[in-house]
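In: Got a sequence here, can you build the structure:
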Amino acid sequence: MSDQLTLSAEARERAGKGASRALRREGRVPAVIYGGKEEPQTIHVEEKALVKALMTGFFMNSIIMVEVGGKKIRTLPKDVAFHPVTERPEHVDFFRLAKDATVTVAVPVRFENEEASPGLKKGGVLNVVRHELELVCDADAIPDEIVIDVTGTEVGDSIHISAVTLPKGSSSAITDRDFTIATIVAPSALKSEEGDTTKEGEGEEGEAEA
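Out: Have a look, this model is predicted:
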């Protein structure tokens, strides 16, 4: 699991678009903490600290301890809104986590041992269907990534979720089908060569029959 992150925050005294714009001018980002059978709490965080946390690459999959007025609240980021032009963060939603909570998160997939795949060594291409897996995890055991070993895969093979060993405490959020994560496909040049060979073979058989 990624390291736990901490963000200092202050309570928002005023709500509304005008108040939010004023906060952003001061280098602050409006945010809200909700869930956990408690009332939503409006806060704001320092933009620089938030950007630094976002740059870690695992912000959305990390437990974030939001410190407000000396009290630390255990949360999971659920959404970050960005300005369409400047791409600066404009608002953050934090979900309050209860003790022993389970969460649904999107965890990135990484493939390894591509050099040990006969299909890829022959010129096949790893066609990634899902770059992330939606998992249900223990809040204290969110994996940074899911590593999939492609050793031994051939052109035409598919990798399904049933073939992936998930970390303890994690399960697929999609349970109604054995979905495909990636396939090993032939490159277009290889497909063309195979097609030409087939046509030549058909012509030779036709001549022999005549």
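
In: From now on I want contacts and neighbour counts done on CA atoms only, so please keep to that.
Out: OK.

In: pLDDT below threshold where in the chain?
Out: Residue ranges of the chain with pLDDT under 70: 1-4, 189-210.

In: In which helix or strand does Val80 reside?
Out: For Val80, the element it lies in under DSSP states H and E is strand 71-82.

In: Could you list every helix and strand in contact with that strand?
Out: strand 64-68, strand 89-96 (3 or more C-alpha pairs under 8 Å, 6 or more residues apart in numbering; DSSP states H and E).

In: got JSON lines for those, with mean neighbour count and distance to Ser171 too?
Out: Shown next, in JSON lines, are these (neighbours: other C-alpha atoms under 10 Å; distance: least, C-alpha to C-alpha, whole Å):
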{"stretch": "strand 64-68", "mean neighbour count": "20", "distance to Ser171": "22"}
{"stretch": "strand 89-96", "mean neighbour count": "21", "distance to Ser171": "20"}
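
In: would you list those strands in JSON lines and tack on distance to Gly119?
Out: Conversion of the helices and strands packed on strand 71-82 to JSON lines gives the following (distance: least, C-alpha to C-alpha, whole Å):
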{"stretch": "strand 64-68", "distance to Gly119": "42"}
{"stretch": "strand 89-96", "distance to Gly119": "43"}
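
In: what sits up against stretch 88-105?
Out: 24, 29-36, 47, 51, 60-61, 73-83, 134-140, 173 (C-alpha atoms under 8 Å, 6 or more residues apart in numbering).

In: Report how many residues lie close to Asp100.
Out: Using other C-alpha atoms under 10 Å, Asp100 has 9 other residues around it.

In: same question but for Thr165, I mixed them up
Out: 12.

In: same check, this time on Ser62
Out: Ser62: 24 neighbours (other C-alpha under 10 Å).

In: wait, it sits on Leu5?
Out: Yes: the criterion here is C-alpha atoms under 8 Å, and Ser62 meets it with Leu5 at 7.1 Å.

In: that's a strand at Glu154, yeah?
Out: No: going by DSSP: H, G, I helix; E, B strand; the rest coil, the assignment for Glu154 is coil, not a strand.

In: quick one, what contacts it?
Out: Counted by C-alpha under 8 Å, 6+ apart, Glu154 has contacts Ser117, Pro118, Gly119, Leu120, Ile184.

In: Which of those fall in strands?
Out: Ile184 (DSSP state E).

In: Redo the contacts of Glu154 as TSV? Include neighbour count and distance to Leu97.
Out: Conversion of the contacts of Glu154 to TSV gives the following (neighbours: other C-alpha atoms under 10 Å; distance: C-alpha to C-alpha, whole Å):
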residue	neighbour count	distance to Leu97
Ser117	20	42
Pro118	16	45
Gly119	23	44
Leu120	22	43
Ile184	22	40
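
In: The contacts of Glu154 into TSV, with extra columns for distance to Lys168?
Out: Output for the contacts of Glu154, formatted as TSV (distance: C-alpha to C-alpha, whole Å):
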residue	distance to Lys168
Ser117	27
Pro118	30
Gly119	31
Leu120	30
Ile184	28
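
In: Looking at the contacts of Glu154, which one is closest to Glu13?
Out: Ile184 (55.2 Å; C-alpha to C-alpha).

In: For the closest one, give me its contacts.
Out: Contacts of Ile184 (C-alpha under 8 Å, 6+ apart): Gly119, Leu120, Gly124, Val125, Leu126, Asn127, Thr153, Glu154, Val155, Gly156, Asp157, Ser158.

In: That'll do, ta.
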